[in-house]
Each structure stands twice: as C-alpha cells, then as structure tokens.
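Enquirer: Structure of the sequence below:
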Amino acid sequence: MIRKKPEFDVVNELLEQCILAYPVSSFIISLYKQYQERGSLSKKQLQGLHGKSSKIENIAPGKLATLEALIKKMPTRSKSDLPEPKPEIEKDESTRQIIDEILAKYPQHKRVLFLKTKYENNETLLPADITDLKRIQQILNK
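Expert: Just a heads-up that it's a prediction; the model follows:
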C-alpha cells in the first residue's frame, strides 16, 4: 500500500499511544501487528481502536477526529438477506389428473403406479415419462 504522506500516520500514532496506555491489551497488540503487516485495518477494527483511544486522556482531539473521518470514509459492508426458499419441485396438476384417470380404470397398472410413486415423492418426471402417461391415456380413451 502506497501512502501519500508516510511521515504522518494517525492510525499508527494512535496504536502506539494505545499500546503505551494499555500494554497488556491483546486487542490493541493484535491491531498493531496487523497494521504493520497489512498497512490497513477494517472499518470495525478502526471503530474498536477509536473506542479504546477515546478513553485515553492525553490524546489530541484532532487525531481522534481524523480517525473518525477515516471511519466515515470507509464503506459499510453488510450481508444481503437470504432469498425466500422456493418449493423444490412444483407439481403439475395435469399430470396428477392423468395418473388418477388411468388408475381409476386400471388400478394395478405397474408403470403408472411407478410414476405415481415418483410423483408423490417429489421426484422429477422426465418428459419421456409424461409422454408415456399421455400415450396410455389416449389408448384407454379409445
């Protein structure tokens, strides 16, 4: 990350002052290490730093204001809502009617019973299966 003015780094100065004020704070130490490695912090981390540094008395208010400006400048990321769950398979009523019509005349028809079981178990009926049902219905209606 290339900084415009490397001699003036508000975040680094605030981190160092917080380390002096809270030498055993694992939060501040981890922020400092991450800032040294990556050169930046996330918006939430900067907000945590602002909260800790605002409790220290001898920090210049201009540095806190600069940190607030950096926080406001960063984008707020939020997760989008989950989409509404859809029913897995929408059953076709015309297929159900064809199956019922055939089974009314021939209740022991093995192929139609098999397709009825598939239909009731929400398995997808292949186009060939639907074609078979229509063909059987036409034969029965003759």
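
Enquirer: going forward, measure contacts and count neighbours with C-alpha atoms only.
Expert: Noted.

Enquirer: any idea where the strands of this structure begin and end?
Expert: In order along the chain, the chain carries no strands (DSSP state E).

Enquirer: just the helices in this protein please.
Expert: 10-21, 26-38, 43-53, 61-73, 93-105, 110-120, 127-141 (DSSP state H).

Enquirer: okay if I get these as a markdown table plus distance to Lys86 and mean neighbour count?
Expert: Listed next are these as a markdown table, based on distance: least, CA to CA, whole Å; neighbours: other CA atoms under 10 Å:
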| stretch | distance to Lys86 | mean neighbour count |
| --- | --- | --- |
| helix 10-21 | 47 | 17 |
| helix 26-38 | 42 | 14 |
| helix 43-53 | 35 | 17 |
| helix 61-73 | 38 | 14 |
| helix 93-105 | 18 | 14 |
| helix 110-120 | 18 | 15 |
| helix 127-141 | 22 | 13 |
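
Enquirer: Got phi/psi on the most centrally placed residue in the chain?
Expert: Most central in the chain under CA atoms, centre = their mean is Lys79, positioned 6.1 Å from the mean C-alpha point. Dihedral angles of Lys79 (phi, psi; degrees, to the nearest 10) stand at phi -80, psi 140.
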